[in-house]
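Q: sequence and predicted model, in that order:
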2 protein chains.
Amino acid sequence: DQKHNKFSSVIPPVIRVPSGSVIKVDTEEASDGQLHRKAILYDLKNIDFGPIHPLTGPVYVNEAEIGDVLAVDILKIELHDYGWQAIVPGFGFLSDRFPNAKLKIYKINTATGTTMFNDKVQLRLNPFAGVMGVAPETAEMLSTIPPRANGGNMDDPNLTEGTTVYFPVFVKGALFSIGDTHAIQGLGEVCGTAIETPMTITYRIRVLKDKPAIEEPQYETDDYYAVTGFGETIDIATKKTVNYMINHLINNYDISAEDAYMLCSLVGDLKIAEVVDVPNMLVTMHFPKSVIDQL
Amino acid sequence: DQKHNKFSSVIPPVIRVPSGSVIKVDTEEASDGQLHRKAILYDLKNIDFGPIHPLTGPVYVNEAEIGDVLAVDILKIELHDYGWQAIVPGFGFLSDRFPNAKLKIYKINTATGTTMFNDKVQLRLNPFAGVMGVAPETAEMLSTIPPRANGGNMDDPNLTEGTTVYFPVFVKGALFSIGDTHAIQGLGEVCGTAIETPMTITYRIRVLKDKPAIEEPQYETDDYYAVTGFGETIDIATKKTVNYMINHLINNYDISAEDAYMLCSLVGDLKIAEVVDVPNMLVTMHFPKSVIDQL
C-alpha cells in the first residue's frame, strides 16, 4: 500500500532511492474512490472527508539532509479516463453565494487530452499534481488541505509537465509525496475543486546541496523562475512571495536588494495559485528567464 | 491646457466627440516634470505629491448616458525617449524593508522598444497607461492614487496596445481621461513605480448601449476576457473579481451561475494587477476566449 494522507515526519517511506532516480507513480483522485465513475449527488452529500488527498509515497531520498533543497523534475504526466468536479457546501471561495451541492462526472479523452464541460464546451486539459510535498519537521499528523512550507496542497496549475519544483528539506530523506491530481484548473481554483482525476506521473528526484536554502517551495520552467508564499490571507501570502523573489535574486545573482525590488516591480508577475485551501492561500511570483539570464 | 489630476464629475471636458472617434493624445509622466531627464535624488526627496498623475482629458462623448458602457480600444502606443523609476520612502509594497529613497533615470530606445535596467540587463518594453478612467458620480475632487469603480490608477500591465477596456458610465458624457503611462511593469508594481514615462497613445472611444451594465472596469484582448475588482485588501478585491466574472458569464451567455462558478475554477486565472495604490489593491481574472467562444 503506497498511500497515505497526512504530512508528518513519522510516516515510514514506501521506497528508498538515490538522488537522480526517475520514479513513475499512479495517483488516486482526491476523494480516494468515493466519487467514482458512477457517483451521484448522494455520494457527494455523504462524503467522508477523512480519506481526502490520498498521496503516493513517501519517497526517501538517500542523500537528503535537513537544509538541502529537493528538486523534482516533472517529466511526464499521463491522464486517466475519468474525473469529477464538485461544489461542496461550505467550501470554496464563494461558499455564501453557492450553498448547494453539485457534482459533475467527466469522461476524459486521453488520446486528445480533452473533456467536455457540458454538451457545448470542450476543454483542452492541462494536468498537474495539486499536492506535492516533503515531510514537515513535526511528528504531528497534519491535514493535507492547507499548503505549508513543505509544499502540500499548493494547487498551482503551473506545476505541469516540464516544470522543476524545489522544496526545502525538513527531515532526513526528505520524504516526498505526490497526489491530488487535476486534469485542468485555473489560477485560484475558486469553486474549491478542479477536475479531480487519477493520473500517472513520471518524475526525477534530485538532492541539491549547493542551491541556497529556500523557505517555501519554488519552481521553474524554461521561461520563468517562480517563488510561492502561503498565508491565511492573500495579502500575507503576497508579501512573503515578493520577499522570497527578492531573496532568490540576491542569493543567486550579483544584484542589490534595492535593484531586485525595482526589477520585480518591472518584470515580476504576481498570480494567485489558490484561494480555497483553508486556512492557507497560495500566491506565486513569476520572473522571466529572459531577464534572469542577463544577471 | 489638456491636463488635470483629479477624478471628479465637475472637471470640464477639453473636447466633445461623437462615439466612434479616434483620439491621439500625448501624456505626461506621473510626476508632471518633477523627475525630468536630469533629475537627481534631491529632486525625488523634495518631490511635491500635489501634481502626481497629470491626466490628458477629460473627453466628453456625446452619446454617453449614465448606465452605459464606455469602450476604449487601445489602437497604438508610442514610446518617448526617457523614463524614471523610484523607491519612495513609505510607499511601495515592502516599504518597511526598503526605507531609503532611490531614483533611476532610463534612456529609452524608441526604435527597438528597449531600455537598459543597468549596465548588464536589457528590458523589452511593454507600454501601457497606468491610469484610465471616467468621471465618478461625485463632485468631490478625488485623488488619482487609488483605483475605484471608475477605473483610475489600475496599473494593470495587461492594458497594452490591442486591448479594449470597458468602463461603467457614471455621468453624462462619461468624461474619459488617460495618463500615468508606464514603459514596463510587472503584475503587482511592487516597489510602487514602473518605468514612468511620457507617451503618445491613439485610442478609439465608443459608447455601448447594449452591453449589460458593469460595476467596475473590464477588458479584453483577442485571447481572453477580463474583469477587475479593487479593494482595501487583496482578499476583498479577489472576491469581487470572482463574482464579476461569474456575473459577466451569466449576463452574456447561456450558462447557469453554478456552472459559471465551476468553469471559473477550471479556466479562470486570478492575477494581481497592483498592490501599491493605497488604499486600493486591484485584482483581475482572465478567462480564455477559446472557452467563451463555445458558450
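A: Cool, got the structure.
Q: surely A:Gly93 and A:Cys191 touch.
A: Wrong residue type there; residue A:93 is Phe, not Gly. Yes - using C-beta atoms under 8 Å, A:Phe93 is in contact with A:Cys191, at 7.3 Å. Using the backbone N, CA and C atoms, a C-beta is placed for each residue, glycine as well.
Q: how about the residues of the stretch 51-200 of chain A that lie near chain B?
A: The stretch 51-200 of chain A comes close to chain B at residues A:85, A:87, A:92-94, A:97-98, A:100, A:102, A:104, A:117-118, A:120-124, A:184-195, as judged by C-beta under 8 Å from any C-beta of the partner chain.
Q: rerun that using 7 Å as the cut-off
A: A:85, A:87, A:93-94, A:98, A:102, A:104, A:117-118, A:120-123, A:184-191, A:193-195 (C-beta under 7 Å from any C-beta of the partner chain).
Q: show me how to select, in ChimeraX, the buried members of these.
A: ChimeraX command restricting those to the buried ones, with burial defined by 16 or more other C-beta atoms under 10 Å in any protein chain shown:
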select /A:85,87,93,94,98,102,104,117,121,123,184,185,186,187,188,189,190,191,193,194,195
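Q: filter the residues of the stretch 51-200 of chain A next to chain B down to just the ones in strands.
A: In this view, those that belong to strands under DSSP state E are A:Gln85, A:Ile87, A:Lys102, A:Lys104, A:Gln122, A:Leu123.
Q: now, the most widely separated pair of the residues you listed?
A: A:Ile87 and A:Gln122 (21.5 Å; C-beta to C-beta).
Q: sorry, back to before: make a markdown table out of the ones in strands among the residues of the stretch 51-200 of chain A next to chain B and add pLDDT.
A: Formatted as a markdown table, those follow (pLDDT from 0 to 100):
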| residue | pLDDT |
| --- | --- |
| A:Gln85 | 98 |
| A:Ile87 | 98 |
| A:Lys102 | 98 |
| A:Lys104 | 98 |
| A:Gln122 | 98 |
| A:Leu123 | 98 |
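Q: convert the longest helix seen in chain A to PDB, retaining C-alpha atoms only.
A: The residue-count maximum for a helix in chain A (DSSP state H) belongs to helix A:234-252. The C-alpha trace of helix A:234-252 is given here as PDB (Å, rounded to 0.1, in the frame of the first residue of the first chain):
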ATOM      1  CA  ILE A 234      -3.900  36.600   0.200                       C
ATOM      2  CA  ASP A 235      -2.200  39.800   1.400                       C
ATOM      3  CA  ILE A 236       0.000  37.900   3.800                       C
ATOM      4  CA  ALA A 237       0.900  35.300   1.100                       C
ATOM      5  CA  THR A 238       1.700  38.100  -1.400                       C
ATOM      6  CA  LYS A 239       4.000  39.900   1.000                       C
ATOM      7  CA  LYS A 240       6.000  36.600   1.600                       C
ATOM      8  CA  THR A 241       6.100  35.900  -2.100                       C
ATOM      9  CA  VAL A 242       7.600  39.300  -3.000                       C
ATOM     10  CA  ASN A 243      10.200  39.000  -0.300                       C
ATOM     11  CA  TYR A 244      11.100  35.500  -1.500                       C
ATOM     12  CA  MET A 245      11.700  36.600  -5.000                       C
ATOM     13  CA  ILE A 246      14.000  39.400  -3.900                       C
ATOM     14  CA  ASN A 247      15.800  36.900  -1.700                       C
ATOM     15  CA  HIS A 248      16.100  34.500  -4.600                       C
ATOM     16  CA  LEU A 249      17.700  37.200  -6.800                       C
ATOM     17  CA  ILE A 250      20.100  38.500  -4.300                       C
ATOM     18  CA  ASN A 251      21.100  35.000  -3.100                       C
ATOM     19  CA  ASN A 252      21.800  33.700  -6.600                       C
END
